[in-house]
Each structure stands twice: as C-alpha cells, then as structure tokens.
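> Sequence first, predicted coordinates after that:
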Amino acid sequence: MTLSNLEQLAQNANTSEASVLLEINDQGVATVTLNRPNVHNAFDHQLINQLTLIFQSLESNHSIRAMVLAANGKSFSAGADINWMQRMASYTYQENLADANALANMLLLLNTLKVPTIARVQGAAFGGAIGLIACCDMAIGSKLSKFCLSEVKLGLIPATISTYVIEAIGARQARRYFSTAEVFSARRARRIGLLNEAVAEEELDRTIENIVEHILKNSPLAITAAKQLIQEVQHLNKSEDIISITSEKIAKIRVSEQGQEGLNAFLQKRPANWKPTNV
C-alpha cells in the first residue's frame, strides 16, 4: 500500500463515528487513537475490525517509521463493551470462537508490526486493554493510570491476551493478577514490566516524542531486524542454534544496503542517509 492509500484510509477513519482514528505525520509516525471516549474506549467488534484494518495497512507500508497507540478521553480502555458482552452471552460456541479469533488476530498483528510501537496510557486500562499494552514494544503511562485483569470477576479468563501479558510481566505475576483481578497502580505496572515508564500526565506526550526522536535516528531495516531477532532468539536454548542464527543475522545485515550506509556514515563521521527499504 502506498502512503497516499494509507492517507486515504486515515481520512476515511477520521469521522465522528469512527471507533479508531489514524494520523500520519511527515516523518512517517502513525498515531492510532481509540475513539470511544463516551464508553471509556471499550472494545467491541467494530473497534477490533478497524484496528485490524489499520494494523494491516501500516504493516504493508514501508514509509511508516513508528506507531503510537493512544486513546481519547479519560481512559485508555475499560476492556469489553457491555453491549458486546451481552451479545456474546447469547452466542453459540462457534460464534464465540469466531469472535475470539478476530480479537486474537488483531493482537497478533499489533505484536508483530515491523515498526516500533508505543502505547500511550492514561486512566483505566482493564481487561483486553492490557493485551494491547503488552503487544506494544514500549508503554508509557500516566502515574495516575490504573490496571486490572478483570476477567475472572465475570467468570471468564484473559485467554487471547495471555501470551503477550505473560511475556510482559512474567508467569509469577500473571498467577497473581489473573487470579485476584485486583486493581494495581502505574507504579506497580512499571515494576512488573507492563509499563516502561510512569510519568505525570502532562509529560506523556513529551516522553513519547523523545523516544520517537531516538527511533527516527536509526536504520529502519535494522530496527525491524532487531525486533525479529528478539522474537526468534528469546526461547532458544541450544548454544549451537544461538551461534548459528545470530551469526547469520549479523552477517546478513552488515552487507545490506542500510548496514553498509550506517557503517560508512560512522567511519566517515557523517549522518546516515536512511531510506525506506522493503523488508
């Protein structure tokens, strides 16, 4: 998809009825904003479908350098929409399975986006919202934000988000918060790994802008490769696999166009001329 096509998607999304808004600045930074503030940005099938379409479009566009996931209103997201939950209560098993697959597919797209992703969190982040946060590469939250894995209160489990949340906070912490459904603070979220930083709400945007500034200085190809590296090596336990895979990856990127540009720029003491590259 070309940038003009993606801009058209943004124009179509940015209507008063849109559940999700999309903005792209001149530097290729996309801001995806949950836009149901009257219901604290609660999930429903429409929001999930719009996020899926946007994430697919961002993934296929090589001009995008980073993505910020934000939300309008007082809360990041209160989790599942009550009307959506009422419909799910009357669904058959097959209908519930299809519904869950749609959410799981959207989360997988977010988790595997080739560009760096940053969650901007304010207010409440409950249930599935914690899955969105965990799928992002980084998460910056307001010191006043609150978190809760509330599913067991409703007789449910945080199934589709579990892989990402456990990766973010660890199995030990998941055993507690999956079972207690207690509300925990931004300070606690930072300590257990869900947030990278907890700052005053008025500092949220500037903190994220600073992170984006650092990202934009770096090779897009190398960033994508570094993200893929983490996914591939974190569960390797054989030393021969680690040596083989990591050696192949660094050799490949050293001879790539951006690898050569970055090394030569460093040696010549000049800024690197990063250009969008198909990955």
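That came through fine. All of these numbers come straight from a predicted model, not from anything done at the bench.

> how about the helices of the stretch 51-200 of the chain, start to end?
Using DSSP state H, counting those that start in this stretch, the helices of the stretch 51-200 of the chain run over 82-89, 93-111, 128-135, 159-169, 171-180, 186-192.

> Low-confidence ranges, the stretch 151-279 of the chain, go.
Within the stretch 151-279 of the chain, the ranges that satisfy pLDDT under 70 run 237-240, 242, 275-279.

> and if we set it to 90?
Applying pLDDT under 90 to the stretch 151-279 of the chain picks out residues 153-156, 231-279.

> before we move on, the earlier item: in TSV, list the helices of the stretch 51-200 of the chain along with distance to residue 53 and mean neighbour count.
C-beta here means a position set from N, CA and C on the backbone, and glycine is covered the same way. Below are the helices of the stretch 51-200 of the chain laid out as TSV (distance: least, Cβ to Cβ, whole Å; neighbours: other Cβ atoms under 10 Å):
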stretch	distance to residue 53	mean neighbour count
helix 82-89	18	12
helix 93-111	9	16
helix 128-135	16	27
helix 159-169	18	19
helix 171-180	30	14
helix 186-192	29	18
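
> closest to residue 72 out of these?
helix 128-135 (13.8 Å; Cβ to Cβ).

> ok, residue 88 - contacts?
96, 99 (Cβ atoms under 8 Å, 6 or more residues apart in numbering).

> Relative to residue 25, which of the helices of the stretch 51-200 of the chain is closest?
helix 93-111 (19.9 Å).

> So what touches that closest one?
With Cβ under 8 Å, 6+ apart, helix 93-111 has contacts from 43, 45, 48-49, 51-52, 55-56, 59, 69, 88, 91, 117, 128, 131-132, 135-136, 159-161, 164.

> now do stretch 34-42
Contacts for stretch 34-42 (Cβ under 8 Å, 6+ apart): 18-21, 47, 69-82, 84, 123-124, 129.

> From residue 204, how far off is residue 68?
Note on residue 68: its distance to residue 204, by Cβ to Cβ, to the nearest Å, is 10 Å.

> Could you do residue 132 as well?
Applying Cβ to Cβ to residue 132 and residue 204 gives a distance of 16 Å.

> Measure how buried residue 257 is and give me the count.
Neighbour count for residue 257, taken as other Cβ atoms under 10 Å: 11.

> The one 3 residues further on now?
Residue 260 has 12 neighbouring residues, counting by other Cβ under 10 Å.

> which stretch of helix or strand covers it?
Per DSSP states H and E: residue 260 is located in helix 257-267.
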